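Undergrad: Model the structure of this input:
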Amino acid sequence: MSDERVPILMYHAVATHPNEATRALSVTPEAFAEQMAVLADRGLTPLTTADLAARWRSGRPLPDRPVLITFDDGYEGVHRHALPALAKHGFPATLFVSTGWLRGPYDTGGGLDTMLDWDQVRELAAAGVEIGGHSHSHPQLDQVSHATLRFELIHCKEIVTDQLGAVPASFAYPYGYSNRRVRQTVRETGYTQALAVGNGLARRAQGPYALRRVTVRRGTGIDEFERVIEGRAIARTFAKDRALTKGYAVVRGARRAGRLVSRPGG
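TA: Okay, the predicted model is just below:
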């Protein structure tokens, strides 16, 4: 059974003029189009998150040179700018939506920039983009109570199901943060796979609820992008990200433990 390493690309906003909150994790429409052309020229085969997980779960072989294209949060530029580039090459992708950030009846006002509305999400789904869950209000799920965790997961799932007529199968952890409790609850609430960040290539051995992704940001040049999709120099490329993530994980674990001591059963 294959344990092939697969690059899962994590995008956020695709915008010419993003605001300051989203700038660092945005890419320009021109950069995104160029990156999709590189995938096509190099002969990579994009899959949805659900397809990759199903193949790994069943042992079915992967296509030649698989790659995943994923978007978090639900920024309007995914429809305006990314969709035409995806459609040009016939590429599927996965969009993970924070349902309380999207424009429409469930909007809590938390969106960081111009967000998608539900008509645009439906158009993306109709064009071959898998729609997954990304919680309702985008909290740090490993820091909230169990009741809040379940609400965030279930409410998101119910809204997506109601709006699209299809139950979301995939989930991405807000900020990439999860722990055993969060992963177990994601599984219990009916999601069949989930993506973290980790800035490493995904492997079947990571398990379906902790698949790693690599960050594509405004500072990602085309040479770095090519190295990432080829699986070269991943550790060196993301060394700073990994060090920060590891250090912050210790801090976050201590915070969570402190709250549990002061608030038993919280």
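
Undergrad: just the strands in this structure please.
TA: With strands called from DSSP state E, the chain shows them at 8-11, 45-47, 66-73, 93-97, 129-133, 170-172, 193-198, 211-215.

Undergrad: right, and the ones you listed - which one's nearest residue 230?
TA: Relative to residue 230, the nearest member of the strands of the chain by CB to CB is strand 66-73, separated by 10.5 Å. In this view, the C-beta of every residue, glycine as well, is placed from N, C-alpha and C.

Undergrad: What's the first helix or strand after the closest one?
TA: helix 77 (DSSP states H and E).

Undergrad: Give me the contact list for that following helix.
TA: The contact list for helix 77 (CB atoms under 8 Å, 6 or more residues apart in numbering) reads 13, 14, 15, 26, 29, 114.

Undergrad: What is the burial count for the fifth one?
TA: Using other CB atoms under 10 Å, residue 29 is surrounded by 16 other residues.

Undergrad: per-residue pLDDT, it?
TA: For residue 29, the model assigns a pLDDT of 98.

Undergrad: That one contacts residue 17, doesn't it?
TA: No - using CB atoms under 8 Å, residue 29 is not in contact with residue 17, being 10.7 Å away.

Undergrad: okay if I get the strands of the chain as TSV plus mean neighbour count, mean pLDDT and distance to residue 151?
TA: Shown next, in TSV, are these (neighbours: other CB atoms under 10 Å; pLDDT from 0 to 100; distance: least, CB to CB, whole Å):
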stretch	mean neighbour count	mean pLDDT	distance to residue 151
strand 8-11	24	98	25
strand 45-47	20	98	31
strand 66-73	24	98	19
strand 93-97	27	98	16
strand 129-133	25	98	13
strand 170-172	29	98	14
strand 193-198	24	96	17
strand 211-215	23	97	24
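
Undergrad: Out of these, flag the one nearest residue 83.
TA: Taking the strands of the chain one by one with CB to CB, strand 129-133 is closest: 7.5 Å.

Undergrad: show me where pLDDT drops low in the stretch 51-200 of the chain?
TA: Along the stretch 51-200 of the chain, segments meeting pLDDT under 70 are nowhere present.

Undergrad: Would you quantify the distance from the residue lying closest to residue 34 once chain neighbours are set aside to residue 213?
TA: The shortest distance from residue 34 to any non-neighbouring residue, by CB to CB, 6 or more residues apart in numbering, is to residue 222 (6.2 Å). To residue 213, residue 222 is 19 Å away according to CB to CB, to the nearest Å.

Undergrad: what does residue 87 give?
TA: The gap separating residue 87 from residue 213 is 23 Å, by CB to CB.

Undergrad: which residues sit against stretch 223-242?
TA: For stretch 223-242, the external contacting residues (CB under 8 Å, 6+ apart) are 5, 7, 9, 35, 38-39, 42, 44, 67, 198-201, 214-216, 220.

Undergrad: The same query, at a cut-off of 7 Å, please.
TA: With contact meaning CB atoms under 7 Å, 6 or more residues apart in numbering, stretch 223-242 is reached by 5, 7, 35, 38-39, 42, 44, 67, 199-201, 214-216.

Undergrad: Stretch 157-172 too?
TA: For stretch 157-172, the surrounding residues in contact (CB under 7 Å, 6+ apart) are 49-50, 70, 72, 94, 96-97, 99, 106, 118, 121-122, 125, 130-134, 186, 189-195.

Undergrad: Quick check: end-to-end length of it?
TA: Start and end residues of stretch 157-172 are separated by 12 Å (CA to CA, to the nearest Å).

Undergrad: With stretch 106-119 instead?
TA: 14 Å.

Undergrad: Stretch 127-135 too?
TA: Its start and end residues considered, stretch 127-135 measures 23 Å (CA to CA).

Undergrad: Just checking the distance from that stretch to the centre of its chain.
TA: In terms of CA atoms, centre = their mean, to the nearest Å, the centre of stretch 127-135 is found 9 Å from the chain centre.
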